[in-house]
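>>> This is the structure alone, sequence omitted:
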């Protein structure tokens, strides 16, 4: 036994403790806690009243000032993040997801919505550090023949070193009634969040992005343009990202010309755009954003699309997930991950390319907080999809390797 | 239900099992563990409005839990006396191996001092960092490290536990 190291002994102890402290036989209910608080308060009141009678009106009150701990920040990883969050088709039906070990694929925790009747929004998960994630829960209601999102709440999920759920709490300022979230981004320290989406009620200047200070709960609103005939209009797609200092907010848009017979015609060129606003926590009009790159700067518009764009933590690069059909130079469709400098928006560096034959299937792309470890799920139009992370031009499969059954993965 | 009460109810719903497991490792008894968690939550609830504004309310709850347990340990009379025979009926799903592990772990934890047990459970089972354990217990980081080393050294001498670990490594 002496040859076992302290860390190995801790590991074995953790396993044994987990077996020993199996599921509790009974649940602690909120009602029981409330009843106890009521009893405590009654007892305290009676004791205080008795003390007043006995001592002659002298009461003593003690108030404890407890200072809370600073949020834990994990060490810098010298390799892929140890855990990833997965939303699969099967788990989505149960409105839950799982945390898996990146090395083995073992499920270390499950997550759902603490908000009764709400569901975890697909793809709306933002990693802060490798053990802290922000998840969006949404409630929906039927309106006629359609279903509308009536509100969203953002929760912070902290994982332990072994990937279990350490805590799960509503974020300060994370209650967004009437807002339907489509995308979320977080700074690595979790102090700032940005969510893109739309309000249930139509407005002339609709709120498209909300930047949340999680310390104070303050919101900064970024509003979009109203659709005016004859003018260029664009709205933010789900893809938003923040730099590490929270200053730059980058987003992918597709400009469109709002056509009208009586209005002067406008013209749009260059395809999709990645734009940024700064400082992100100021709020304002998204029309004041600056252009970082255009689709036409890196590819022919007729052959493909930018499906996802993420700004690097230092703001120097954009990482793009690009899909393209057969072009003259290539007989095959492809899905690729490319990087361009934000300074120029041109001359992409291809980090990974998957040739998919005739057509392609693109599921999702995600990045870890460092921007170094990228997950991609894609494949041919018909056939097996690969889910894995990009390492030196290769796609290293994530365990379990079953890209078709996965809706979203991030770390 | 107001928002504060709803937030507390959500917290209890999602975390009570994890808290109970920690409490069992501290007390070695499910009934006491349930009582400990209820007491900790009852002490926390009146201050929930203030606590929930923290980044990690669970650390605060765990702190109350461990402190409450430490207070119980300091009492000479704890209200209940341990009996050699337990009145609980046998759980049909409880297998022999699990029972053996449970008894070995409970026995090993029982051989530690209260502080050693708290450090070990928070550090190993709850996966808190040494700094977080220090925050929960209100002691220095160095104390956590030395207490942890002492606890591991003592557990290495526990024959039943070491046998189980050897089985685990095979």
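Good, I have the coordinates. Model, not experiment: these values are computed from the prediction.

>>> from here on, contacts and neighbour counts on C-alpha atoms
OK.

>>> and residue A:352, helix, strand or coil?
strand (DSSP: H, G, I helix; E, B strand; the rest coil).

>>> Surely it is in contact with residue A:396?
No: in terms of C-alpha atoms under 8 Å, residue A:352 does not count as a neighbour of residue A:396; the distance is 11.1 Å.

>>> Give me the common contacts of the two.
residue A:390 (C-alpha atoms under 8 Å, 6 or more residues apart in numbering or on different chains).

>>> tell me the contacts of residue B:117?
So residue B:117 contacts B:26, B:109, B:110, B:151 (C-alpha under 8 Å, 6+ apart).

>>> Buried subset of the residues you listed as a ChimeraX selection?
Burial among the contacts of residue B:117 is assessed by 16 or more other C-alpha atoms under 10 Å in any protein chain shown; the matching ChimeraX selection reads:
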select /B:26,109,151
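
>>> Which member of the contacts of residue B:117 is positioned nearest residue B:120?
residue B:151 (7.0 Å; C-alpha to C-alpha).

>>> Measure how buried the closest residue to chain B within the stretch 201-350 of chain A is and give me the count.
Of all residues in the stretch 201-350 of chain A, residue A:215 sits closest to chain B, at 7.9 Å by C-alpha to the nearest C-alpha. Residues lying near residue A:215 (other C-alpha atoms under 10 Å in any protein chain shown) number 15.

>>> and residue A:311, what is it in contact with?
Neighbours of residue A:311 in contact, by C-alpha under 8 Å, 6+ apart: A:241, A:242, A:243, A:250, A:317, A:318, A:319.

>>> how far away is it from residue A:318?
Separation of residue A:311 from residue A:318 (C-alpha to C-alpha, to the nearest Å) stands at 5 Å.

>>> Skipping adjacent residues, who's closest to residue B:12 in space?
residue A:30 (6.5 Å; C-alpha to C-alpha, 6 or more residues apart in numbering or on different chains).

>>> For beta bridges, what are the partners of the closest residue to residue A:106 other than its chain neighbours?
Using C-alpha to C-alpha, 6+ apart and skipping residues adjacent in sequence, the residue nearest residue A:106 is residue A:100, 5.3 Å away. Counting by DSSP bridges, residue A:100 forms beta bridges with residue A:84, residue A:107.

>>> Chain B - how does it break down into domains?
Following automatic domain parsing, chain B resolves into domains at B:1-84, B:89-170.

>>> which residues in chain B form helices?
Assigned by DSSP state H, chain B shows helices spanning B:3-27, B:30-44, B:48-51, B:57-74, B:96-110, B:114-120, B:130-137, B:141-156, B:159-169.

>>> what do you get for chain A?
Going by DSSP H, chain A shows helices at A:6-20, A:30-55, A:89-93.

>>> Could you give the residue of the stretch 1-150 of chain A that lies closest to chain B?
Closest point on the stretch 1-150 of chain A to chain B, by C-alpha to the nearest C-alpha, is residue A:20, at 4.1 Å.

>>> Contact partners for that residue?
Contacts of residue A:20 by C-alpha under 8 Å, 6+ apart are B:98, B:99, B:101, B:102, B:103, B:105, B:106.

>>> Can you give me the pLDDT of residue A:361?
Residue A:361 carries a pLDDT value of 87.

>>> Just give me the neighbour total for the nearest residue to residue B:62 once chain neighbours are set aside.
Among residues not flanking residue B:62 along the chain, residue B:136 sits closest, at 6.9 Å (C-alpha to C-alpha, 6+ apart). If you count neighbours by other C-alpha under 10 Å, residue B:136 ends up with 24.

>>> Good, wrapping up.
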